[in-house]
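Visitor: Sequence plus predicted model, see below.
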Amino acid sequence: MKILIIHHTGVLGGGTISCFDVANALNKNNRKIILSLPLGENAAQLKAQEMHISTLNENVMPLVFGYYNGGSNIIKVMIKALFSLKYRANWKEIFKQVKPDLVILNSVVQWPMISLLNSINIKNVCFIRETLRGNPVGIINRIIASSLQKTSGVAFLSQYDKEQWNLPESVKQTVIPDMLDIEKFTEGINKEDSRKKLKLKSDVFYVLYVGGMSKLKGAKTIIQAMNYFQEKNIELLFLGDLGTELMKLNGLQKGKKHNQKAFIKEMYSYIEKNNMNNQIHFIGMQKNMNYWYAACDVVVFPAEKAHQARPIYEAGAFSKPVIASDFPNYNEYLKSGVNGLLFEPGNYKELAQTINNLYKDQTLCTDLGKKNYDLTNSLHNSLNINRKIEQFIEEAIVE
């Protein structure tokens, strides 16, 4: 059986990691897995090489329509969608040459590929990794839903997402949460050794944020929250893209990223103005996140809009509690007062108070962390999720 998995970004974010999880789950039992990834020296290509997974050597982007929560404005979405249409003929030729038994679309933004695949009688399924944008019955979402109904299967990250899309029961659909190989992720790593390795203090209460200088992921919320602590023993580990390369852009590229550059400049100015440099450690992008999860005391996930909640269970692997924005999308995986705590999205004062409560109550902090491990092991264990993926794909093939 030959399976082609199409992924549209080279950045090693949550969706890309999930793409490789699916590839790894299916890369056995006489299946040939091929990945379509953006060409070039990008993180996704390097990961494919590391995993010895074949990739297409074709410089074509998928047909896309990036309408999802936290995505670009509709004008940019339309422009990119129209631009991608020029590759329609290229894709027909690729499918003719590769002859896949099944095509996996690793994002709902690739829904325009469905009609193309159906027109040449190639079975396809879609893994929806994004949160639905706007009104579920709005005209754009109705168009997307109509297209999704024509696939051989649709997989959602949560039951909430499945209910939001509300596809007819006749559509083959399932819930497949993101996964984690807990034993591999945590093997030989503990808090004390990780702090030594990372040159962190042994007596500081470290808050871990992994979203980089992104307004969507809550950079402003956590930075402002850190300005509301009287205790000097609470410090922030700030991981992810710090925006340093973006700030170097000029000319046309600078214009395209004007809003993001203005946001980054605002954040660094706020930190400087409030003398917060000793409270915040700007770490940047990291290939191995596990040491940082092991070293911290609590993980914050202060998203302004709901999106993929990978930090919740990556923290759980190391028995760390999570403080997250209160979105219904996370209720299946983050239960307030059980394995973490919730706060009103964007309310930095409430976030500061919630962090402070855990700092003062170490027993609660430890208990929430242990419960997060239990839920992570129960809901995101790779052994269980791998079986779900295989079953979903096998049923789609024989449909």
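Guide: Great, that's in hand. Nothing here was measured: the structure is a model prediction, and the numbers come from that model. Numbering: from 1, shown residues only.
Visitor: quick one: contacts for residue 276?
Guide: Contacts here follow Cβ atoms under 8 Å, 6 or more residues apart in numbering; on that basis residue 276 touches 223, 226-227, 270. Every C-beta, even on glycine, is put in place using the N, C-alpha and C of the backbone.
Visitor: what's the most distant pair in those residues?
Guide: 226 and 270 (10.3 Å; Cβ to Cβ).
Visitor: For these two, indicate the residue with more neighbours.
Guide: With neighbours defined as other Cβ atoms under 10 Å, residue 226 and residue 270 compare such that residue 226 has more, 24 against 14.
Visitor: is it true that that one touches residue 281?
Guide: No - counting by Cβ atoms under 8 Å, residue 226 stays clear of residue 281, with 10.9 Å between them.
Visitor: Identify the contacts common to the two.
Guide: residue 236.
Visitor: Please list all residues in contact with residue 351.
Guide: Contacts for residue 351 (Cβ under 8 Å, 6+ apart) come out as 221-222, 225, 300, 302, 323, 343.
Visitor: Okay, and which of those map to helices?
Guide: Using DSSP state H, the subset of those located in helices is 221-222, 225.
Visitor: Among the residues you listed, which one lies nearest to residue 381?
Guide: Taking Cβ to Cβ as the measure, residue 381 sits nearest to residue 222 out of the ones in helices among the contacts of residue 351, at 29.0 Å.
Visitor: what's around that closest one, how many residues?
Guide: For residue 222, the count of nearby residues is 24 (other Cβ under 10 Å).
Visitor: circling back: just put the contacts of residue 276 in TSV and tack on distance to residue 335.
Guide: As requested, the contacts of residue 276 are exported to TSV (distance: Cβ to Cβ, whole Å):
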residue	distance to residue 335
223	27
226	26
227	29
270	33
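Visitor: And the residues you listed, which is closest to residue 187?
Guide: Residue 187 has its nearest neighbour among the contacts of residue 276 in residue 226, at 31.9 Å by Cβ to Cβ.
Visitor: check contacts around the closest one.
Guide: Here residue 226 is in contact with 207, 234, 236, 276, 279-280, 352 (Cβ under 8 Å, 6+ apart).
Visitor: Who wins on neighbours among the residues you listed?
Guide: residue 207 (26 neighbours).
Visitor: low-confidence ranges in the stretch 101-250 of the chain?
Guide: In the predicted model of the stretch 101-250 of the chain, residues 249-250 satisfy pLDDT under 70.
Visitor: Apply 50 and report the result again.
Guide: The stretch 101-250 of the chain contains no residues with pLDDT under 50.
Visitor: picking that back up, now list the buried members of the contacts of residue 351.
Guide: Buried members of those, counted by 16 or more other Cβ atoms under 10 Å: 221-222, 225, 300, 302, 323, 343.
Visitor: What is the nearest of the residues you listed to residue 171?
Guide: residue 302 (34.4 Å).
Visitor: Show the contacting residues for that closest one.
Guide: Residue 302 makes contacts with 209, 211, 217-218, 221-222, 225, 323-325, 343, 345, 351, as judged by Cβ under 8 Å, 6+ apart.
Visitor: pLDDT wise, what is it at?
Guide: Per-residue confidence for residue 302 comes out at a pLDDT of 97.
Visitor: Spatially, what comes nearest to it if we skip its sequence neighbours?
Guide: Closest residue in space to residue 302, ignoring its immediate chain neighbours: residue 218 at 3.1 Å, by Cβ to Cβ, 6 or more residues apart in numbering.
Visitor: go on, residue 24?
Guide: Nearest one to residue 24, counting by Cβ to Cβ, 6+ apart, is residue 51 at 6.9 Å.
Visitor: Could you report the pLDDT at that neighbour?
Guide: 92.
Visitor: Ok, the one 5 residues further on next?
Guide: Turning to residue 56, the model gives it a pLDDT of 93.
Visitor: Break this protein down into its structural domains.
Guide: Split into domains by automatic domain parsing, the chain comes to 2-179+381-398, 182-379.
Visitor: Work out the gap between the shortest one and the centre of the chain.
Guide: Computed by Cα atoms, centre = their mean, to the nearest Å, the separation of domain 2-179+381-398 from the middle of its chain amounts to 14 Å.
Visitor: All further residue positions should be reported with the first residue as 37.
Guide: Okay, residue one is now 37; in that scheme the one you just asked about reads as domain 38-215+417-434.
Visitor: For that domain, measure first residue to last.
Guide: Taking Cα to Cα, to the nearest Å, domain 38-215+417-434 runs 14 Å from one end to the other.
Visitor: Equivalent analysis for stretch 233-242, please.
Guide: 15 Å.
Visitor: list the buried ones in that stretch?
Guide: 234, 236, 241-242.
Visitor: related to what we said a few turns ago, tell me, how many neighbours does the residue nearest to residue 338 end up with?
Guide: Considering only other Cβ under 10 Å, residue 254 is surrounded by 24 other residues.
Visitor: For it, give its distance to residue 379.
Guide: Distance from residue 254 to residue 379, counting by Cβ to Cβ, to the nearest Å: 10 Å.
Visitor: likewise residue 399?
Guide: Taken as Cβ to Cβ, the span from residue 399 to residue 379 is 21 Å.
Visitor: again with residue 192
Guide: To residue 379, residue 192 is 26 Å away according to Cβ to Cβ.
Visitor: With residue 313 instead?
Guide: From residue 313 to residue 379 the distance is 25 Å (Cβ to Cβ).
Visitor: Over to residue 112?
Guide: 31 Å.
Visitor: what residues are shared contacts of residue 254 and residue 379?
Guide: 338, 361.
Visitor: And the strands in this structure, which stretches?
Guide: For the chain, applying DSSP state E gives strands covering 38-42, 68-72, 90-91, 138-141, 159-164, 190-192, 209-211, 241-245, 270-275, 316-320, 334-337, 358-361, 376-379.
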